[in-house]
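Chemist: take a look and give me a structure for this.
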Amino acid sequence: MVAADGAAALPGRIDRRRAGRPALAPPAGLLDAEVARLSTGERQRLALLRSLSREPVVLLLDEPTAALDGASALAMEALLQSRVRDGLSILWVTHSTEQAARVSQTRYAMTRAGLQAL
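Modeler: Numbers count the residues shown, from 1 in each chain. Sure, this is the predicted structure:
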């Protein structure tokens, strides 16, 4: 893996310059903070950034924006959509039909009869 400046980056290490858009970028000290002291939203953002730092081919996300404020949720959506354009595949579980409409290419609903294409 190579960092944005061309320097070698260690797998699993978060490149602070590629951490995300301003609303999603970790505040100073977040990457070095004790996890138990972080808010739920900060933990959620950090977990996503750690996952993305490993440059996965596929992500399974269960309500990835549930604990985020509106601006952070939109920033996370934008970051993930840019990664999809770069080739990442995402299975994204959400209860928000509005969010599903914004971020998905294919949508399904879970009903009593099973998965139904929308």
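
Chemist: let me see the backbone angles for Asp69.
Modeler: Geometry field for Asp69 lists phi and psi as phi -70, psi 170, criterion degrees, to the nearest 10.

Chemist: so it makes contact with Glu42?
Modeler: No. Checked against C-beta atoms under 8 Å, the pair Asp69 and Glu42 is beyond contact range at 11.4 Å. Bear in mind the C-beta positions are built from the backbone N, C-alpha and C, glycine included.

Chemist: more neighbours, these two?
Modeler: Between Asp69 and Glu42, counted using other C-beta atoms under 10 Å, the more crowded position is Glu42 (18 against 11).

Chemist: and the spatially most central residue of the chain, what pLDDT?
Modeler: Here the mean C-alpha position of the chain is nearest to the C-alpha of Leu48 (C-alpha atoms, centre = their mean), at a distance of 4.4 Å. Leu48 carries a pLDDT value of 89.

Chemist: against Leu91, how distant is it?
Modeler: 14 Å (C-beta to C-beta, to the nearest Å).

Chemist: what residue ranges in the chain score low on pLDDT?
Modeler: Counting by pLDDT under 70, the chain has low-confidence residues at 1-28, 30-31.

Chemist: where do the helices sit along it?
Modeler: In the chain, the segments counted as helices under DSSP state H are 40-53, 70-85, 97-103.

Chemist: of these, which is nearest Ala113?
Modeler: For Ala113, the closest of these is helix 97-103, at 18.1 Å, according to C-beta to C-beta.

Chemist: and Ala109, what does it touch?
Modeler: By C-beta atoms under 8 Å, 6 or more residues apart in numbering, the contact set of Ala109 is Leu115, Gln116, Leu118.

Chemist: show me the contacts for the spatially closest residue to the first one that is not a sequence neighbour.
Modeler: With C-beta to C-beta, 6 or more residues apart in numbering as the criterion, Leu115 has its nearest non-adjacent residue at 4.6 Å, and that residue is Tyr108. Taking C-beta under 8 Å, 6+ apart, we find Tyr108 in contact with Leu115, Gln116, Ala117, Leu118.
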